[in-house]
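I'll drop the sequence and a predicted model, then ask my questions.
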Amino acid sequence: MNTSPANIVVDLDDEQPVVHIPAGAAIVDEDADLTSGIPARARRNEGGSITLPLRYPVELTIKSSQGGTRAERYAELTFNRLTGADIRAVQSASKDSQPVVMLARSSRLRPAIMNALFDLMDGGDIADASAIVDSFFGNGRTTGRSSSAG
């Protein structure tokens, strides 16, 4: 029996015996589909929203209508399920701006803020944010409450 280190998985947090895995064997995470492609660093919140800490936070200078300016740092974004109105807004936007509109509507940020933020965000953070919004499609609400007709 070949028991070289490459064939042994040791979980120091588990008191069960060491499992020998044959070389080249596929390892399947049976819980992988439960996350629906959501990045591991994302947090599920009560009410079904998901907060994504950004790997590379972004700072914007915001000019107010009164002429003042302020700095805002975006270290995380919280995404919410989209409504029919949100989907209409995304679909009515130009093809090039649809990803930005989708993230703006889901994060509930003003479009001007999301436009600037999107342009400065790291590509990996954009991909992770998009994966979170995509995960909302096809899934029911995850608030812990069930609804019944009648």
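Yep, it's here.

wait, what's in contact with T78?
N45, S49, I50, T51, L52, S107, R108 (C-beta atoms under 8 Å, 6 or more residues apart in numbering). Glycine gets a C-beta too; all of them are placed from N, C-alpha and C.

how about 10 Å then?
Going by C-beta atoms under 10 Å, 6 or more residues apart in numbering, T78 touches A42, R43, N45, S49, I50, T51, L52, S106, S107, R108, L109, I132.

Kindly write the ChimeraX command that selects the buried subset of those residues.
Only the buried entries of the contacts of T78 go into this ChimeraX selection, using 16 or more other C-beta atoms under 10 Å:
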select :42,49,50,52,106,107,109,132
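
Pick out the most distant pair among the contacts of T78.
R43 and L109 (18.1 Å; C-beta to C-beta).

What strand or helix carries the residue nearest to D86 when sequence neighbours are not counted?
Distances taken as C-beta to C-beta, 6 or more residues apart in numbering put R105 closest to D86, at 4.1 Å, once the chain neighbours are dropped. According to DSSP states H and E, R105 maps onto helix 98-107.

I'd like to know how many residues surround D96.
D96: 7 surrounding residues under other C-beta atoms under 10 Å.

Could you do the one 5 residues further on as well?
Look at V101: counted by other C-beta under 10 Å, it has 20 neighbours.

Quick one: residues contacting it.
So V101 contacts D86, A89, V90, Q91, S92, A93, S94, P111, M114, N115, F118 (C-beta under 10 Å, 6+ apart).

could you give the angle of the lengthiest strand in the chain to helix 98-107?
Using DSSP state E, we find that the single longest strand of the chain is strand 50-63. Angle, strand 50-63 to helix 98-107, by axes from the mean of the first three to the mean of the last three C-alpha atoms, to 10 degrees: 100 degrees.

what is the rounded mean pLDDT of strand 50-63?
For strand 50-63, mean pLDDT is 96.

Report the buried residues of it.
Quick answer for strand 50-63 (16+ other C-beta under 10 Å): I50, L52, L54, V58, L60.

Considering the residues you listed, which is situated nearest to G67?
L60 (16.9 Å).
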